[in-house]
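**Q** Quick one, structure for this:
(one chain, ligands or ions: 2)
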Amino acid sequence: MSSPEAILKEYWGFDSFRPLQKEIITQILHKKDVLALLPTGGGKSLCFQIPALLQPGICIVVSPLVALMEDQVKALQAKHIKAMALTGGIPFKEVDTMLDNCIYANYKFLYLSPERLQQELVQERIKQMQVNLIAVDEAHCISQWGHDFRPAYLNIALLRELKPEVNFVGLTATATLPVITDIAKQLELKELKVLQKSFSREHLAYMVREAEDKNYYLEQLLKEHQESGIVYVRTRKATIELEQYLLKKGIFATSFHGGLTKAEKSKRLDQWLKEEKRIMVATSAFGMGIDKPNVRSVVHMNLPESLESYFQEAGRAGRDGKPAKAVILTNKSDIPLLKNQFLATLPGVEMVRLVYRKLNTFFRIAYGEGESEDFYLNFYQFCQKYELNTLLAYNAMLLLDRASVLSFSEQFQKKTRIQFLASGKQIGFYLEANPQFDAVVKAVLRTYGGTFDAPVEINLQVISGKAGTTVQEATKLLQQLTKEGIADFEHDQHDTKITFLVPREDDVTINPLVPYIKLQEKTKTEKIRQVLAYVENDRVCKSEQLLQYFGEKNTSPCGICSVCQPLNTKLDREGMKKIYFAIVELLQEGAYSSREITEKLSFPEPHVIKVLQLLVEKDALTITTNKKYKLKHL
Ligand code: ADP
Ligand code: MG
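**A** Residues are numbered from 1 along each chain as shown. Ligands and ions are numbered 1, 2, ... in the order given. This next block holds a predicted model:
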């Protein structure tokens with residue numbers, strides 16, 4: 001029999017295990033139930049993949065996100081290991097064949113969405129499989145105390161009944177005590193081994209910095225060193241704006257958000273990985289599969305939504321173990337913003353009902369139908385059409401996703417479909433009267449069958465080629481036909497894919513979610529309270545605050561965070577005097593904003609701001625309506 005080390009070398013090409021990997025693998029091979037708590041990037045996947053490869057039979061992996069599953073399956077397949085993912089949106093017949101392959105075709109890994117476990121077919125087949133291990137990835141999703149509770153995760157316990165003799169391994173990067181206890185309880189883990197690596201990151205300096213003008217502060221920060229970094233912002237729009245700002249300031253930046261095409265995403269990721277672009281400005285959609293060791297700074301321009309997500313995002317800095325920093329930029333307007341705006345965008349029960357109803361209307365889904373079907377939409381157009389607040393609608397869809405009503409993913413797709421509404425004869429007459437349509441319509445009819453019966457996907461490139469027009473001309477003509485009622489031509493760019501997991505049953509679908517929606521509101525509010533506490537607490541070392549949040553005891557100050565190392569030097573009286581004179585001299589010229597003042601003087605921004613505040617308090621300066629500072633006596 002091969003050894004874990006041999007498999008690690010043979011399939012992954014690595015020479016040694018990372019901390020705790022070996023221990024976890026050993027316990028799994030001893031048939032123990034294991035709860036493995038390793039930070040993001042700690043290498044959790046190997047911990048269940050290697051034992052599965054060392055034993056006969058198949059390993060069942062439950063994972064919450066389609067994208068996560070697909071990534072892992074692809075990675076395994078690239079190593080010539082037989083693996084498949086059973087996600088939503090696969091037709092029944094295909095599922096049947098796939099499950100057969102698991103039983104008879106020597107598959108080593110079956111990735112499952114927890115929703116799939118509800119299907120009797122899946123349960124029956126699992127009973128027949130020779131399962132060597134059940135792995136629950138992102139196991140915190142089973143706990144309502146976690147930041148990512150998914151009710152369908154509660155189905156996983158079913159696997160216990162189906163396979164009582166098989167041991168479980170739960171893996172997560174969230175290790176707060178209530179969550180750990182909950183995972184153990186819900187998964188019915190027996191004789192449990194909890195293996196936890198400290199989440200402490202010795203060389204990562206956590207900082208919270210006040211910055212009136214965040215863009216300017218960021219610019220200074222990024223100019224300090226010519227090194228790789230990530231900047232997190234909240235919205236797609238903000239990624240583009242900030243990218244532009246940085247480019248203008250001579251900082252090579254690119255941007256990333258969920259609405260980009262797959263090709264565009266990988267292009268930009270690649271440019272950043274190869275350091276053709278130094279800074280990645282991104283929404284939290286930027287995360288999965290990112291494994292760049294030498295990221296020196298991760299900056300948050302807005303307060304994060306939970307310390308769990310913050311810790312993960314911040315943790316992308318300094319993977320190589322060399323000094324790095326994770327900075328939150330904040331100012332007074334953030335706190336009300338987070339409290340009000342963020343809480344105000346938590347969708348209530350009514351909003352969830354509304355969005356669900358509108359989705360059904362939009363896709364013309366009849367009562368009792370829609371299950372397992374894929375639909376595409378342009379999210380902003382959808383919101384505009386029904387006058388929905390985009391953030392609320394987005395969060396409502398996420399909630400429907402978490403609650404397994406549908407599966408929602410951001411995916412860029414072009415959809416071009418046509419169906420003729422008039423009969424062949426009628427079209428013949430129409431073309432005689434309107435010869436300008438002749439070439440295009442005939443091209444469609446000759447290239448695609450069935451266009452009279454149902455919408456058919458067409459390729460405009462092909463059609464325009466055959467018709468001797470440009471794509472734009474063909475598009476225009478086909479749109480014109482739609483207006484005339486001759487055809488139904490859809491030509492949209494989509495950024496959102498929705499797969500309904502249950503048939504449409506209106507309130508019968510939504511009512512059971514009510515307790516979950518309320519619970520989510522409560523947990524989210526609590527998470528935000530914790531973020532605020534972290535940002536505001538200037539007494540306890542930032543690293544210790546985070547570690548204690550994750551349930552670690554016996555922590556000690558890190559010595560490098562913004563609490564342990566307050567801004568360079570304290571501002572003494574002498575220093576203040578110097579800045580005071582410089583400001584007064586400068587303002588003789590006229591009024592300037594705090595940003596302009598900082599740029600013109602060579603003192604640290606926080607010191608300048610402090611002196612400015614003092615001078616305003618002492619009535620030596622006033623602030624004009626356009627936020628410039630002016631000498632009072634002028
Ligand atoms: P996690 O699930 O804990 O976030 P992954 O399992 O996705 O982490 O692994 C993160 C990265 O670390 C992957 O690129 C993986 O190949 C790499 N990795 C894992 N174990 C080792 C090891 N022992 N030596 C080197 N690289 C490793
Ligand atoms: Mg993982």
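
**Q** could you measure Val531 against Asn537, distance?
**A** In this view, Val531 and Asn537 are 11 Å apart by CB to CB, to the nearest Å. Where you see a C-beta, it was placed from the backbone N, CA and C, and this is true even at glycine.

**Q** Neighbour count: those two, which is higher?
**A** The neighbour count for Val531 versus Asn537, taken as other CB atoms under 10 Å, is higher for Val531 (21 against 13).

**Q** Could you list the domains of the chain?
**A** 4-196, 204-331+537-549, 340-413+496-523, 422-485, 573-631 (automatic domain parsing).

**Q** Could you dump those into JSON lines with mean pLDDT and distance to ligand 1 added?
**A** Output for the domains of the chain, formatted as JSON lines (pLDDT from 0 to 100; distance: least, CB to the nearest ligand atom, whole Å):
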{"stretch": "domain 4-196", "mean pLDDT": "92", "distance to ligand 1": "3"}
{"stretch": "domain 204-331+537-549", "mean pLDDT": "92", "distance to ligand 1": "4"}
{"stretch": "domain 340-413+496-523", "mean pLDDT": "89", "distance to ligand 1": "20"}
{"stretch": "domain 422-485", "mean pLDDT": "92", "distance to ligand 1": "36"}
{"stretch": "domain 573-631", "mean pLDDT": "85", "distance to ligand 1": "35"}
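
**Q** quick one, helices of the stretch 351-500 of the chain?
**A** 379-385, 390-402, 424-433, 438-447, 460-467, 471-483 (DSSP state H, counting those that start in this stretch).

**Q** residue contacts, Glu552?
**A** Counting by CB atoms under 8 Å, 6 or more residues apart in numbering, Glu552 makes contact with 198-200.

**Q** and it, helix, strand or coil?
**A** Following DSSP: H, G, I helix; E, B strand; the rest coil, the label given to Glu552 is coil.

**Q** follow-up on the earlier one: would you tell me which one of the helices of the stretch 351-500 of the chain is buried the most?
**A** With neighbours taken as mean count of other CB atoms under 10 Å, the helices of the stretch 351-500 of the chain reach their highest mean count in helix 390-402, at a mean of 20.

**Q** ok, residues contacting that helix?
**A** Helix 390-402 has contacts (CB under 8 Å, 6+ apart) with 148-151, 345-347, 351-352, 354-356, 379-380, 382-383, 406-408, 496, 498, 513, 517, 520.

**Q** All the strands of the stretch 251-400 of the chain, residue numbers only.
**A** Here the stretch 251-400 of the chain has its strands, by DSSP state E, counting those that start in this stretch, at 253-256, 279-282, 297-300, 324-330, 374-377.

**Q** Which residues does the second one contact?
**A** So that's strand 279-282. With CB under 8 Å, 6+ apart, strand 279-282 has contacts from 222, 228-233, 239, 242-243, 246, 251-257, 268-269, 272, 286.

**Q** So which of the residues you listed sit within helices?
**A** 222, 239, 242-243, 246, 268-269, 272 (DSSP state H).

**Q** from those residues, which two are the most distant?
**A** Using CB to CB, these span at most 19.1 Å, a distance reached by Leu222 and Leu269.

**Q** quick one: secondary structure of Glu202?
**A** Recorded secondary structure, Glu202: coil (three-state DSSP).

**Q** got the contact list for the residue nearest to it when sequence neighbours are not counted?
**A** Counting by CB to CB, 6 or more residues apart in numbering, Cys558 is the residue found nearest to Glu202 once chain neighbours are left out, at 7.3 Å. By CB under 8 Å, 6+ apart, the contact list for Cys558 reads 200, 202, 205-206, 541-544, 564.

**Q** Can you read off the pLDDT for Cys558?
**A** Looking at Cys558, its pLDDT stands at 90.

**Q** a strand runs through it, doesn't it?
**A** No - applying three-state DSSP, one finds Cys558 to be coil, outside a strand.
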